[in-house]
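**Q** Could you look at this predicted model? Sequence included:
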Amino acid sequence: MEHLKPSFTKTFNKSEIDTRMFFAPGRVNLIGEHIDYNGGHVLPCALHIGTYAVVCEREDDQINLYSNNFPEKGMVSFSLNNLQFNAEHDWANYPKGVMKYFYDKGVLNSGLDILFEGNIPNGAGLSSSASIELLTAVLINEIFEGTESMTDLVKISQKVENEFIGVNCGIMDQFAVGMGKDQHAILLHCDTLNYQYLPLDLKDSSIVIANTNKKRGLADSAYNERRSTCDAALTKIKEKIADVHTLADLTLEQFELTKDYLTEVEQKRVLHVVSENMRTKQAANLLKEGKLSEFGHLMKQSHDSLRDLYEVTGNELDTLVEAAWKHKGTIGARMTGAGFGGCTVNIVKNDEIEDFIEEVGKEYNSKVGYLPSFYIATIGDGAKELKESEVIQ
Ligand code: GLA
């Protein structure tokens, strides 16, 4: 990323002396899908790929944002007293929403020039939006000497996504992007935000992310619809069992006792939540014990449940996962993220990865009509400032 400082100098026509550089990763979730907003356990990790920012403070109250990923959008400029959502500002609404939060709190009090560049595929379900939100939050907190902890920055970023962008996401993405740790997965209880770092020792295998290359809009009504169905089911269940606070709290026995009060669709959604939450806790234990093939088996059950009960997969994700399971190098395969398109996460034996990419790609292409993309994922740290030594390697 050593080209970024010269790129900043060129874009803003400024000397690079006073710039600082920040990074926030993308994330992949290993298991625990559509569980965060239902108060249960998830198991994501931060990726090495992510979003970078080079930033310089200004004397006035002007904000100028430029993304090397969206050159066609040009420079996006606004002043600190005009921080409203503006559809024309497109990608820049993510940093703008975070800026509005800090401006309203009196922390952000001068203008900024920021150059962004990311290497997370956009709209692929690897949290490019949480990445740019946390990147902006960390950058403002550092430059303006804010006092927020990383978990505060995580919560602020989620609030921006919910209220400023209008996507009703849970806390998982922002948490993984903010709190990620090199070579570790995070077992997070989304209700209490208690978490544990689990060493991600995959032995002679690696995480391979496969992108369906089908674009997925998170703002899609289907995501918000799943949330409201779960909320409605929880309200009904609470009328019968008062001490259940979240759907993920529910035991299978309690589900059996209350299911007749739910619609057929609600029953399916709740059964997914209850079983996926159990699977995630079990998977975390298997990871600790190094039992990877059992872990992979739970990934399979997770995908089946997301396909049949939560109904968020679709032809592309199902085809990609089925093709992966046919390959002899596969230890685990499932969709990851919100679903409806986006990516799958696979655990594949190292000496089979090349063949896996070839064969799975071929099979997907023959059934769907275009190729998927593959990335061999490495697990890295959460959002942070990059010191000079980390930039030029
Ligand atoms: C998206 C949301 C997350 C989570 C996942 C599904 O990534 O942003 O909060 O709900 O979908 O697990």
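**A** Now that the structure is in, tell me what you want to look at. Numbering: from 1, shown residues only.
**Q** residues touching residue 53, list them.
**A** Going by CB atoms under 8 Å, 6 or more residues apart in numbering, residue 53 touches 21-23, 114-116, 135-136, 139. The C-beta positions use only the backbone N, C-alpha and C, and glycine is treated the same way.
**Q** Contact residues of the stretch 151-300 of the chain facing the ligand?
**A** Residues of the stretch 151-300 of the chain found near the ligand (CB under 6 Å from any ligand atom) are 169-170, 172-173.
**Q** export the contacts of residue 53 to a markdown table and tack on secondary structure?
**A** Output for these, formatted as a markdown table (DSSP: H, G, I helix; E, B strand; the rest coil):
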| residue | secondary structure |
| --- | --- |
| 21 | strand |
| 22 | strand |
| 23 | strand |
| 114 | strand |
| 115 | strand |
| 116 | strand |
| 135 | helix |
| 136 | helix |
| 139 | helix |
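**Q** Count the neighbours of the residue in the stretch 251-393 of the chain that the ligand sits nearest to for me.
**A** Nearest to the ligand, among the residues of the stretch 251-393 of the chain, is residue 338, at 3.5 Å (CB to the nearest ligand atom). Using other CB atoms under 10 Å, the number of residues around residue 338 comes to 23.
**Q** want to throw the contacts of residue 53 into TSV with distance to residue 83?
**A** What follows is the contacts of residue 53, written out as TSV (distance: CB to CB, whole Å):
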residue	distance to residue 83
21	24
22	20
23	24
114	14
115	20
116	17
135	17
136	12
139	16
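**Q** Using neighbour counts, trim the residues you listed to the buried set.
**A** If you count burial by 16 or more other CB atoms under 10 Å, the buried members of the contacts of residue 53 come out as 21-23, 114-116, 135-136, 139.
**Q** Name the helix or strand of the protein that has the lowest mean pLDDT.
**A** helix 388-391 (a mean of 66; mean pLDDT, DSSP states H and E).
**Q** Quickly check: the strand ranked longest in the chain near the ligand or not.
**A** Longest strand in the chain by number of residues, with DSSP state E as the criterion: strand 44-57. No: remark: strand 44-57 sits outside contact range of the ligand, by CB under 6 Å from any ligand atom, the gap being at least 8.8 Å.
**Q** what's the next secondary structure element after that strand?
**A** Next along the chain after strand 44-57, taking DSSP states H and E as the criterion, comes strand 62-67.
**Q** what helices or strands is that next one leaning on?
**A** Judged by 3 or more CB pairs under 8 Å, 6 or more residues apart in numbering; DSSP states H and E, the packing partners of strand 62-67 are helix 4-12, strand 76-79, helix 93-104, strand 112-118.
**Q** related to what we said a few turns ago, CSV for the residues of the stretch 151-300 of the chain next to the ligand, including secondary structure, pLDDT and neighbour count?
**A** Output for those, formatted as CSV (DSSP: H, G, I helix; E, B strand; the rest coil; pLDDT from 0 to 100; neighbours: other CB atoms under 10 Å):
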residue, secondary structure, pLDDT, neighbour count
169, coil, 94, 22
170, coil, 97, 20
172, helix, 98, 27
173, helix, 98, 31
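**Q** any chance you could map the strands in the stretch 151-300 of the chain?
**A** Taking DSSP state E, counting those that start in this stretch as the criterion, the stretch 151-300 of the chain contains strands spanning 184-189, 194-199, 205-211.
**Q** Is it possible to get CSV of the ones you listed that adds mean neighbour count?
**A** Formatted as CSV, the strands of the stretch 151-300 of the chain follow (neighbours: other CB atoms under 10 Å):
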stretch, mean neighbour count
strand 184-189, 23
strand 194-199, 14
strand 205-211, 22
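**Q** got a markdown table for those strands, with mean pLDDT and distance to residue 310 too?
**A** Formatted as a markdown table, these follow (pLDDT from 0 to 100; distance: least, CB to CB, whole Å):
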| stretch | mean pLDDT | distance to residue 310 |
| --- | --- | --- |
| strand 184-189 | 98 | 19 |
| strand 194-199 | 98 | 24 |
| strand 205-211 | 98 | 20 |
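**Q** Rebuild these as TSV, extending it with distance to residue 279.
**A** Shown next, in TSV, are the strands of the stretch 151-300 of the chain (distance: least, CB to CB, whole Å):
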stretch	distance to residue 279
strand 184-189	13
strand 194-199	15
strand 205-211	18
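**Q** three-state assignment of the residue of the stretch 251-393 of the chain closest to the ligand?
**A** Secondary structure state of residue 338, per three-state DSSP, is coil.
**Q** ok, it touching residue 127?
**A** No: in this structure, residue 338 is not within contact of residue 127 by CB atoms under 8 Å, at 10.0 Å.
**Q** which parts of the stretch 1-150 of the chain sit against the ligand?
**A** Contact residues, the stretch 1-150 of the chain versus the ligand (CB under 6 Å from any ligand atom): 33-34, 36-37.
**Q** tilt between the longest strand of the chain and strand 205-211?
**A** 70 degrees (axes from the mean of the first three to the mean of the last three CA atoms, to 10 degrees).
**Q** Next, the angle from strand 44-57 to helix 93-104.
**A** 70 degrees.
**Q** in strand 44-57, what counts as buried?
**A** 44-56.
**Q** Next: stretch 147-154.
**A** Neighbour counts over stretch 147-154 (16+ other CB under 10 Å) mark 148, 150, 153-154 as buried.
**Q** so how many other residues sit close to the residue of the stretch 1-150 of the chain at minimum distance from the ligand?
**A** Proximity of the stretch 1-150 of the chain to the ligand (CB to the nearest ligand atom) peaks at residue 33, 4.2 Å away. Neighbour count for residue 33, taken as other CB under 10 Å: 27.
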